[in-house]
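>>> Sharing a model prediction with you, sequence too.
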Number of protein chains: 2
Amino acid sequence: MSPAGETQPDPRVTATRSRVLAAVSSLLESGGPSEVTHSSVARAAGVGRATVYRHWPRIDALLADAIETRLGVNPPATTGDALTDLRSMLLAIVNGVFADDSAVFFTTLLIRGGDTPQMDALRREIIERRIGAIRSLVERGAVDGSIDPTLDPDRAVSYLAGPIMHRRIVLGRPVTPDFVDDLLLRFAATPA
Amino acid sequence: MSPAGETQPDPRVTATRSRVLAAVSSLLESGGPSEVTHSSVARAAGVGRATVYRHWPRIDALLADAIETRLGVNPPATTGDALTDLRSMLLAIVNGVFADDSAVFFTTLLIRGGDTPQMDALRREIIERRIGAIRSLVERGAVDGSIDPTLDPDRAVSYLAGPIMHRRIVLGRPVTPDFVDDLLLRFAATPA
DNA sequence: TCGCTATGAGACATAGTGTATCGGAGAGCA
DNA sequence: TGCTCTCCGATACACTATGTCTCATAGCGA
């Protein structure tokens, strides 16, 4: 018998779900959110159109699920001093949310964020998770002395994530570790 | 007779054009780019559907025109030293591209930027105009001594515009003059 | 093996899209 | 004022997309 209350999901369901979500990812990357429709997704996934409607009656939910599976994970590191941790945190963000093929997911989240409660909740959650992490590191750094104590944690978030986002999404140029280091040196590190 | 070669535009054309573009702006603000269709625009503008198709056979062109009329103007100031000018430039950007009711236009430009050559050209032009202005001010400031000479003009653009964009679009919080001042002090001003 | 559930295929009404046509109203000019 | 030309709105049309429903089939768990 399966563990009490925990029913094993039907492998057919998980199979179609992953096939569909993979198709959504692919469509989102190649053509943006406007290309993601029930029909196009069904065609791309090799799945019946009615099946897509069954699982995700609304497009928002479909987009939200696809975005979540892509941007959901975010492994923060907690070793060393706060500045070092902040550095690896920012690099993780660069290679995660702002990675070449993930940027569309993030901008979609931003622009479609207010469309539906589910989407809005996802937007808040994904953003807040990163914001909170940066914020607490800045606060810790003010104590252990590795980060400028006059830096307002609330603004620091924009100071640090903003330039990365701008360079990647507005300018469409790569964000190198050197960029992040210079950013930290100018903004966050304790002045000599 | 009208001036050689320059024919005065038909007032009917300019009238419908402005009515339609106003409707697009309104739809874009209230519901985002996905709400902007030939039908919805025609309905909102009180104009025949065929008329919209006549002027803008493609939606991209319609969006591009609406975005251009909104974000097209950008009055830069050139008095005082470079840092002062940079400050007023950033404040102009805050009250222009990133103003409450203009932010959608900018994000639309970002996400739909690659859709069509016209849209892409507009995106480049609008961004480059601001980028170029900031860049040249930073270069000037390195000479007149008001801006940190070790600041790479290329990166300065992201350092300055990024945080503003992040605070406004990602966090959805207001960008005050004080925010800009602190930003300039930390990033651009010559270290004491 | 057997019930149960998810799926694919298709039917269906409805709504939206893009194009073409046509009469009427307004602009420009003498 | 009267004339011509252009633009507009309305309508028709073929076509595609959307959302819902039904039903036979195949794979699942026991």
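Now that the structure is in, tell me what you want to look at. Residues are numbered from 1 along each chain as shown, chains lettered A, B, ... in the order given.
>>> can you pull out the strands in chain A?
Along chain A, no segments are classed as strands by DSSP state E.
>>> In it, spot the helix with the most residues.
Secondary structure of chain A per DSSP state H: the longest helix is helix A:117-144.
>>> is it up against chain B anywhere?
Yes: under the criterion of C-beta under 8 Å from any C-beta of the partner chain, chain B is reached by helix A:117-144 at A:Ile127, A:Ile131. Just so you know, the C-beta spots here come from the backbone N, C-alpha and C atoms, and that holds for glycine as well.
>>> and that helix, what does it pack onto?
Applying 3 or more C-beta pairs under 8 Å, 6 or more residues apart in numbering or on different chains; DSSP states H and E, one finds that helix A:117-144 makes contact with helix A:59-71, helix A:82-95, helix A:103-111, helix A:153-165.
>>> quick one: which of those is nearest chain B?
helix A:153-165 (3.3 Å; C-beta to the nearest C-beta).
>>> Say whether chain B is contacted by that closest one.
Yes: residues of helix A:153-165 are located near chain B by C-beta under 8 Å from any C-beta, namely A:Arg155, A:Val157, A:Ser158, A:Tyr159, A:Ala161, A:Gly162, A:Pro163, A:Ile164, A:Met165.
>>> quick one: contacts for A:Trp108?
That one is not Trp; residue A:108 is Thr. A:Leu28, A:Gly32, A:Pro33, A:Leu63, A:Ile67, B:Ile111 (C-beta atoms under 8 Å, 6 or more residues apart in numbering or on different chains).
>>> okay if I get those residues as TSV plus distance to DNA strand C and neighbour count?
TSV is the format used below for these (distance: C-beta to the nearest atom of the strand, whole Å; neighbours: other C-beta atoms under 10 Å in any protein chain shown):
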residue	distance to DNA strand C	neighbour count
A:Leu28	20	23
A:Gly32	16	18
A:Pro33	16	24
A:Leu63	19	24
A:Ile67	21	26
B:Ile111	18	23
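>>> Write out the residues of chain A neighbouring chain B.
So far as C-beta under 8 Å from any C-beta goes, chain A lies against chain B at A:32-34, A:104, A:107-108, A:110-112, A:115, A:127, A:131, A:151-152, A:155, A:157-159, A:161-167, A:169-171, A:179, A:182-183, A:186-187, A:191.
>>> residues touching A:Leu184, list them.
A:Leu83, A:Leu86, A:Arg87, A:Leu90, A:Leu160.
>>> Any figure for the gap between it and DNA strand C?
47 Å (C-beta to the nearest atom of the strand, to the nearest Å).
>>> Check A:Asp85 too.
In terms of C-beta to the nearest atom of the strand, A:Asp85 sits 42 Å off from DNA strand C.
>>> Also A:Ile147?
In terms of C-beta to the nearest atom of the strand, A:Ile147 sits 49 Å off from DNA strand C.
>>> Find the nearest non-adjacent residue to that residue, please.
The spatially closest residue to A:Ile147, leaving aside those adjacent along the chain, is A:Gly141, at 2.6 Å (C-beta to C-beta, 6 or more residues apart in numbering or on different chains).
>>> pLDDT score assigned to the one you found?
A:Gly141 is assigned 93 on the pLDDT scale.
>>> Then A:Ser2?
39.
>>> how near is the residue sitting nearest the centre point of chain A to B:Ser136?
Geometric centre of chain A, nearest residue: A:Leu71, 3.6 Å, by C-alpha atoms, centre = their mean. To B:Ser136, A:Leu71 is 37 Å away according to C-beta to C-beta, to the nearest Å.
>>> Flag every residue of chain A that's near DNA strand C.
A:10, A:12-13, A:15-17, A:46-51, A:54-55 (C-beta under 7 Å from any atom of the strand).
>>> what do you get if the cut-off is 6 Å, keeping everything else the same?
Residues of chain A lying near DNA strand C by C-beta under 6 Å from any atom of the strand: A:Asp10, A:Arg12, A:Val13, A:Thr16, A:Val47, A:Gly48, A:Ala50, A:Thr51, A:Arg54.
>>> neighbours around the last one, how many?
Pointing back at A:Arg54 there. For A:Arg54, the count of nearby residues is 11 (other C-beta atoms under 10 Å in any protein chain shown).
>>> Check the gap between it and A:Val20 for me.
11 Å.
>>> List the contacts of A:Phe187.
A:Asp148, A:Leu151, A:Ala156, A:Tyr159, A:Leu160, B:Arg186, B:Phe187.
>>> Redo those as a markdown table? Include pLDDT.
As requested, these are exported to a markdown table (pLDDT from 0 to 100):
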| residue | pLDDT |
| --- | --- |
| A:Asp148 | 93 |
| A:Leu151 | 93 |
| A:Ala156 | 94 |
| A:Tyr159 | 96 |
| A:Leu160 | 96 |
| B:Arg186 | 90 |
| B:Phe187 | 86 |
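>>> would a markdown table of these with distance to DNA strand D be doable?
Below are these laid out as a markdown table (distance: C-beta to the nearest atom of the strand, whole Å):
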| residue | distance to DNA strand D |
| --- | --- |
| A:Asp148 | 51 |
| A:Leu151 | 47 |
| A:Ala156 | 42 |
| A:Tyr159 | 41 |
| A:Leu160 | 39 |
| B:Arg186 | 47 |
| B:Phe187 | 45 |
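>>> Mind checking which of these are buried?
A:Asp148, A:Leu151, A:Ala156, A:Tyr159, A:Leu160, B:Arg186, B:Phe187 (16 or more other C-beta atoms under 10 Å in any protein chain shown).
>>> what would those residues look like in JSON lines with distance to B:Met119?
Formatted as JSON lines, those follow (distance: C-beta to C-beta, whole Å):
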{"residue": "A:Asp148", "distance to B:Met119": "41"}
{"residue": "A:Leu151", "distance to B:Met119": "38"}
{"residue": "A:Ala156", "distance to B:Met119": "35"}
{"residue": "A:Tyr159", "distance to B:Met119": "31"}
{"residue": "A:Leu160", "distance to B:Met119": "31"}
{"residue": "B:Arg186", "distance to B:Met119": "35"}
{"residue": "B:Phe187", "distance to B:Met119": "31"}
